[in-house]
Each structure stands twice: as structure tokens, then as C-alpha cells.
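S.K.: Build me a model:
(one chain, ligands or ions: 1)
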Amino acid sequence: MSDSAVKHLIDVQQLHVDFHGQKILKDISVSIESGETVAVIGESGCGKTVFMKTIVGLIPPTRGTIQFDGQDLSTLSPAALSDVRRRFGFVFQNAALFDSMTIFDNVAFPMRQSTTADEDEIHERVLKHLQEVGLPPTVISKRPSELSGGMRKRVGIARAIILQPELVVYDEPTTGLDPIMSDVINELMLDVRQRYPVTSVIVTHDMRTAQKVSDRVLMFYPRARLAKGEPQVLYDGPPAGLDQCDDDRVRQFVRGEAGQRLMEITG
Ligand SMILES: Nc1ncnc2c1ncn2[C@@H]1O[C@H](COP(=O)(O)OP(=O)(O)OP(=O)(O)O)[C@@H](O)[C@H]1O
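M.R.: From the prediction side, this is the model:
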């Protein structure tokens, strides 16, 4: 495919985000193609979640633009923005299910909110998506508190994909899970991208997720520690290149070596 034929689903240009004078994101320009799976990594507090929330229109940029499928999110009316958001699926940290609802009602929620589907159709779709994430029909009458953490994450994925979104954002999808359950979630994210023509952005601290599931990794660095004029995205490339990156900070991060940071923190 020639470069001009590549379709950018998301186009971020010169994005800056500040909160009450605290500068979090600085001059970020990144495009994400339709169908790509991008992992966003970087140490705690560097602004990964803020970046993710900004590209889905939950946080307005202080400066710069975010285009989704050619539409500048900051120029949309609240109603138009909410129409665009129907094209997104969100897998929040800790699954963020509604505790007072059954699993069925949790997964059905986006359909009831955003479609005119009748209850038969909703029932069929809920069971289909629960099956896709490996959960039996018997879970539908349970409450989230009756399920394990891994099962709740799977319910969160079923809910996120029920409207067949064009973009799915995952916020730390494997945090708090054992290595086997983390791999189950990694496999499910791969399965979702194989089954549906979806673009995915995964904020993660899990290097196995970045290596196994993504086509491309963006590594952010805390803005306060950047040298003057340095870009905040220290790495933008395939996961296989992380370990050979010229930048020590990238190699140390992916290998989990404290290095210079230990000296800075302990003095
Ligand atoms: N709504 C907000 N209002 C004010 N400050 C915020 C807001 N959201 C995030 N921040 C601040 O922005 C910074 C970056 O937060 P963010 O959650 O993006 O970090 P992160 O890289 O995702 O970290 P972690 O890996 O620990 O989740 C933090 O200092 C946080 O306190």
C-alpha cells in the first residue's frame, strides 16, 4: 500500500495537555492506522491514560488537534461527540462493571443505551459475545462480585465489543491478573482483532502484552524529566525493536532495570 493510501483512523497533531498548570503531554504528533494495534507504555504518571482519554474525546486538549476518521473531536457538539463515541469500545481498568447489575445487564448495557434492538436480539448478542470471551451462559445471572478478576475482565471485553466498535481502547487490561490469566486476556485481544476489523490502543505495563498483541509500541516519558527540546515519545516502532533501541531509557524500561532512576530516587 502506498503511503498516501494508508488510512489514518486517528490523527493527533501537536497535542499538549496541562492540568491546573501542570504540563502532562507535550507536543505529541501520532497517527494510528485503521486496523493497527498500538501499545502505549511508559512509567507511572507519564501520561498514558491521559493520552488515551484525550484521543477518545474524554479529555479536551489544551492545544493541538485530535482527528478521528477525519473529524476534529474538539469542534464537535456534545451530541456529535457522543455519536462518534458509539464507534469506540472501552475496556476500563478493573473492568469497571456495574456492581448492582447482573452480568447479562452489564454486557447488554451499550445495546440498550445506543440501539433499538429488541430483547431477543440483545439476548442473542450477549450470549454470543460471552461465548467469544470464553464465558458460559450460566454467568448471565451472576453479579460482578461473584466472578474472579479474570472473568470480570472478560465480561468487560464482551461489553466493549458488543456494538462492534471501530476503535477499542484497553486501560491496563492485564493488571492484577496472574501470568496465565494475563495470557488468556492477551489471546482474547488477539482474537478480537482477528474476528473484527478493529483498531486497538492498549495502555499497559505488561511487556508481554506489548510484545504479543501489538503491531507498534509508543513509549512515553514523563514530561518533567525530558531535556529541553526532547520529544516525549521516546520510542515509536515495532515491539521487536524495543530491546535494541539506542535510547538507554527505553531498554532499561522494557527490561525492568531501575538503573539511573534508582540513583535519582534514592539520591
Ligand atoms: N483529570 C485530571 N486532573 C488533574 N490531573 C490529572 C488528571 N488525570 C491525570 N492527571 C495527572 O496527570 C498525570 C498523568 O496521569 P496518567 O493517569 O495519564 O498516568 P499514567 O502514565 O497512565 O500512569 P499509571 O501507569 O500509573 O496509570 C498524573 O500526574 C496525574 O495525576
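
S.K.: List phi and psi for Pro173.
M.R.: Here is the backbone geometry of Pro173 (degrees, to the nearest 10): phi -70, psi -20.

S.K.: Quick check: it touching Thr209?
M.R.: Yes: using Cβ atoms under 8 Å, Pro173 is in contact with Thr209, at 7.0 Å. (C-beta placed from N, C-alpha, C; glycine too.)

S.K.: Overlap in contacts, the two.
M.R.: 185, 189, 202 (Cβ atoms under 8 Å, 6 or more residues apart in numbering).

S.K.: Now do the same contact list for the second one.
M.R.: With contacts defined as Cβ under 8 Å, 6+ apart, the neighbours of Met189 are 37, 157, 170, 173, 200, 202, 209, 213.

S.K.: do the same with the first one
M.R.: Shown here is Ile185, whose contacts under the criterion Cβ under 8 Å, 6+ apart are 150, 153-154, 157, 173-174, 177, 209.

S.K.: if you set the cut-off to 6 Å instead, what comes out?
M.R.: Residues in contact with Ile185 (Cβ atoms under 6 Å, 6 or more residues apart in numbering) are 153, 173-174.

S.K.: ok, of the shared contacts of Pro173 and Thr209, which one's closest to the ligand?
M.R.: Using Cβ to the nearest ligand atom, the shortest approach to the ligand within these belongs to Ile202, at 12.1 Å.

S.K.: That closest one against Ala39, yeah?
M.R.: Yes: counting by Cβ atoms under 6 Å, Ile202 does reach Ala39; the two are 4.8 Å apart.

S.K.: Redo the shared contacts of Pro173 and Thr209 as CSV? Include pLDDT.
M.R.: Converted to CSV, the shared contacts of Pro173 and Thr209 look like this (pLDDT from 0 to 100):
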residue, pLDDT
Ile185, 92
Met189, 94
Ile202, 97
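
S.K.: from those, which ones fall inside strands?
M.R.: Members of the shared contacts of Pro173 and Thr209 lying in strands (criterion: DSSP state E): Ile202.
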